[in-house]
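Sequence below, structure please.
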Amino acid sequence: MRRFSLIFPLIIALVVVMALMPGAVSGQGDAFQTNTPPPVEVNFATNTPSGPTNTPTPTLTPSVTPSATPTYTDTPSPTFTPTATFTLTDTPTPTPTPIGPFSYPEGINPLTGLMYPNEEAMARRNLIVKISNYPPLVRPQSGVNQADVVYEFEAEGGVTRFAAIFRSNAPDHVGSVRSARLSDTELIVMYNALLAYSGTSEPIQRIILAADWVYQTFSPLKGDGCEDAGFCRFPREGLALEHTLFLNTQTLWDLATRRNVNTGYKARGFAFNETPDSGGLPANDIFIDWYGQTDARWQFDATTGRYLRYTDGVAHFDVLDNQQLWADNIVIIEVPHNERPDLFPPGSNYQSLEIALWDQGRAYLIRDGQVYQGYWRRRDREPGSALQVIYGDNTPMMMKPGRTWVEVVRGFGDVAISENQQDMVATGTAIALSATPTLTITPGPSPTENPNS
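Residues are numbered from 1 along each chain as shown. From the prediction side, this is the model:
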């Protein structure tokens, strides 16, 4: 009996410690473990209200009981197996939201949480430009660092493409410009935007031509050229024609004005605060792998407070400003990817990838060297109802005012977040000794007679 009276308090203490351990995040060494298998139907019944009111409630819900820790695999695969339902640990204390997610002070850009740099930026419409990221010879791209928000999607087979949203800046050489995908039909509505693309498959073009927002789209495929729309070819020996199309954004905005579609609508969803939320975990190195075809690594630079990008093991630059690609916020969202062979004739070898950017799913917000976990949500599919990132009690996650990259993945098994940084100097040196030099594209128009060729 005496032995039992000595052991029993130890058992109680152990149970209490285990109950306080977070269930949705598990650490192993210095790594922030995110190898959760891919998208499953998420049950938000105990975490998220059915939808926000116009003013998100600042009241915390009772803490959620952690679920079992999901199992992990070392090698990401495009084929996924459902696992345990994602639940949240304790939500940080709500922070006042003077900027967003539904109302913004006069003169504030909802894409950045910062003042518009001038009247022209405030008056013009959000502009999405499709930019190639594969094959590697298209890097470094041009003008990406001047975008307010960049979405990186899987185009097909682990190859990614950028959808860069411009508003604050009007670069005259953006690209190389590539084709539209099914996901762009969601983005154009979310951001009430213009869309610039080189071309697309016949089924996607039929969707575009039949849409209410067709007049917000611009492409050489629709007859928009170099002089009137800013789509100009910059030929280079040894560079395939499809990699030579670049866009002058100001020329396109001028054309949109003449077509009466250049109205400066807002896209609501992001919330900003200079002060980070409490409860973050260290996040100095973020690695995302798309099945070994493309990867992205973001490392926190404490000097500037930004994240710098590496692709395929080497620093990823923007040729227009000769700076490494950077962002103030990295948002990673887990979204269902559905094959759509039904859009093509029976027996066709082609199919489209539908990235289901509606409803809600799991998300990470990474800023100021910290990572926060929550959800992404799109309240509805109305124009201007853009992406939100929220905690489980409907409280907005506070983003850092500035530029944001949204990384879209099939599952968090493709993501590794760590406190310690990979030595990219050593990695880059090893790659440089064996790799062929990357082609650079020098601005300076040399338009062909037919920019649609």
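
Any chance of the backbone angles for V214?
phi -60, psi -30 (degrees, to the nearest 10).

gap between the residue nearest to L247 when sequence neighbours are not counted and M399?
Residue nearest to L247 in three dimensions, not counting chain neighbours: V174, with 4.7 Å by C-beta to C-beta, 6 or more residues apart in numbering. C-beta coordinates here come from the backbone N, C-alpha and C atoms, glycine included. Counting by C-beta to C-beta, to the nearest Å, the gap between V174 and M399 amounts to 24 Å.

The residue nearest to L247: how many residues sit nearby?
The number of residues packed near V174 is 28, by other C-beta atoms under 10 Å.

How much space separates it from A147?
In terms of C-beta to C-beta, V174 sits 8 Å off from A147.

Give me the common contacts of these two.
Residues touching both V174 and A147 (C-beta atoms under 8 Å, 6 or more residues apart in numbering): 129, 164, 166.

Relative to E237, which of the residues you listed is nearest.
Distances from E237 to the shared contacts of V174 and A147, taken as C-beta to C-beta, are shortest for V129 (25.3 Å).

I'd guessed the closest one sits against A170; true?
No: between V129 and A170 there is no contact under C-beta atoms under 8 Å: 11.5 Å.

Next up, the contacts around the residue lying closest to L221 once chain neighbours are set aside.
Using C-beta to C-beta, 6+ apart and skipping the chain neighbours, the partner closest in space to L221 is G199 (4.2 Å). The contact partners of G199, by C-beta under 8 Å, 6+ apart, come to 179-180, 205, 219-221.

Now tabulate those residues in a markdown table and tack on pLDDT, neighbour count and secondary structure.
Shown next, in a markdown table, are the contacts of G199 (pLDDT from 0 to 100; neighbours: other C-beta atoms under 10 Å; DSSP: H, G, I helix; E, B strand; the rest coil):
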| residue | pLDDT | neighbour count | secondary structure |
| --- | --- | --- | --- |
| S179 | 90 | 19 | coil |
| A180 | 88 | 27 | coil |
| Q205 | 87 | 18 | helix |
| S219 | 94 | 22 | coil |
| P220 | 93 | 22 | helix |
| L221 | 88 | 17 | helix |
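
Let me have those residues in JSON lines, extended by distance to D368.
Shown next, in JSON lines, are these (distance: C-beta to C-beta, whole Å):
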{"residue": "S179", "distance to D368": "36"}
{"residue": "A180", "distance to D368": "34"}
{"residue": "Q205", "distance to D368": "42"}
{"residue": "S219", "distance to D368": "38"}
{"residue": "P220", "distance to D368": "41"}
{"residue": "L221", "distance to D368": "42"}
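
how about the residue nearest to L221, secondary structure?
On the three-state scheme (DSSP: H, G, I helix; E, B strand; the rest coil), G199 is labelled coil.

Tell me how far it lies from M399.
34 Å.

and the residue nearest to L221, what pLDDT?
G199 is assigned 85 on the pLDDT scale.

could you list every residue that touches the residue sitting nearest the centre point of the chain?
By C-alpha atoms, centre = their mean, the chain has its centre lying nearest to V406, at 1.4 Å. The contact partners of V406, by C-beta under 8 Å, 6+ apart, come to 149-152, 331-333, 387.

And for I286?
With C-beta under 8 Å, 6+ apart, I286 has these contacts: 297-299, 307, 330, 332, 366, 415-418.

try it again with 7 Å
I286 is in contact with 297-298, 330, 366, 417, counting by C-beta atoms under 7 Å, 6 or more residues apart in numbering.

Could you check which helix or strand contains it?
Using DSSP states H and E, I286 falls within strand 285-290.

List every C-alpha atom in that strand, with coordinates, as CSV.
Only the C-alpha atoms of strand 285-290 are listed here, as CSV (Å, rounded to 0.1, in the frame of the first residue of the first chain):
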residue,chain,number,x,y,z
ASP,A,285,14.0,26.8,-43.2
ILE,A,286,11.0,25.7,-45.2
PHE,A,287,11.3,23.1,-47.9
ILE,A,288,8.6,22.1,-50.4
ASP,A,289,9.0,19.2,-52.8
TRP,A,290,6.8,18.5,-55.8
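
In a helix, the residue nearest to the centre of the chain, correct?
No: residue state for V406 (three-state DSSP) corresponds to strand; a helix is not indicated.

Please name the bridge partners of it.
For V406, the beta-bridge partners are Y151, V331 (DSSP bridges).

Roughly how far does it sit from G269?
Per C-beta to C-beta, V406 is found 11 Å from G269.

same deal with R178?
Taken as C-beta to C-beta, the span from R178 to G269 is 26 Å.

Over to D380?
For D380 relative to G269 (C-beta to C-beta), the value is 11 Å.

now do G313
G313 sits 33 Å away from G269, going by C-beta to C-beta.

And these two? Which one has more around it.
Under the criterion of other C-beta under 10 Å, the comparison of G313 against G269 puts G269 first, with 24 against 15.

where do the helices sit along this structure?
2-20, 119-123, 184-190, 202-210, 226-229, 249-258, 424-434 (DSSP state H).

between the ones you listed, which gets the lowest average pLDDT?
When these are compared on mean pLDDT, helix 2-20 scores lowest, with a mean of 45.

Show me where the stretch 301-450 of the chain has its strands.
306-311, 314-315, 317-318, 323-324, 326-327, 329-334, 337-340, 352-355, 359-367, 370-378, 388-390, 404-409, 415-418 (DSSP state E, counting those that start in this stretch).

For these, give me JSON lines that also has distance to W213.
Shown next, in JSON lines, are those (distance: least, C-beta to C-beta, whole Å):
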{"stretch": "strand 306-311", "distance to W213": "31"}
{"stretch": "strand 314-315", "distance to W213": "37"}
{"stretch": "strand 317-318", "distance to W213": "29"}
{"stretch": "strand 323-324", "distance to W213": "33"}
{"stretch": "strand 326-327", "distance to W213": "27"}
{"stretch": "strand 329-334", "distance to W213": "23"}
{"stretch": "strand 337-340", "distance to W213": "20"}
{"stretch": "strand 352-355", "distance to W213": "18"}
{"stretch": "strand 359-367", "distance to W213": "21"}
{"stretch": "strand 370-378", "distance to W213": "16"}
{"stretch": "strand 388-390", "distance to W213": "21"}
{"stretch": "strand 404-409", "distance to W213": "21"}
{"stretch": "strand 415-418", "distance to W213": "32"}
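
List the strands paired with the strand holding I286, with their directions.
strand 294-301 (antiparallel), strand 415-418 (antiparallel).

how about these in CSV, adding mean neighbour count and distance to A283?
Listed next are the strands paired with strand 285-290 as CSV, based on neighbours: other C-beta atoms under 10 Å; distance: least, C-beta to C-beta, whole Å:
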stretch, mean neighbour count, distance to A283
strand 294-301, 21, 7
strand 415-418, 22, 5
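
wait, which of those is closest to C232?
strand 294-301 (26.9 Å).

This completes my enquiry, with thanks.
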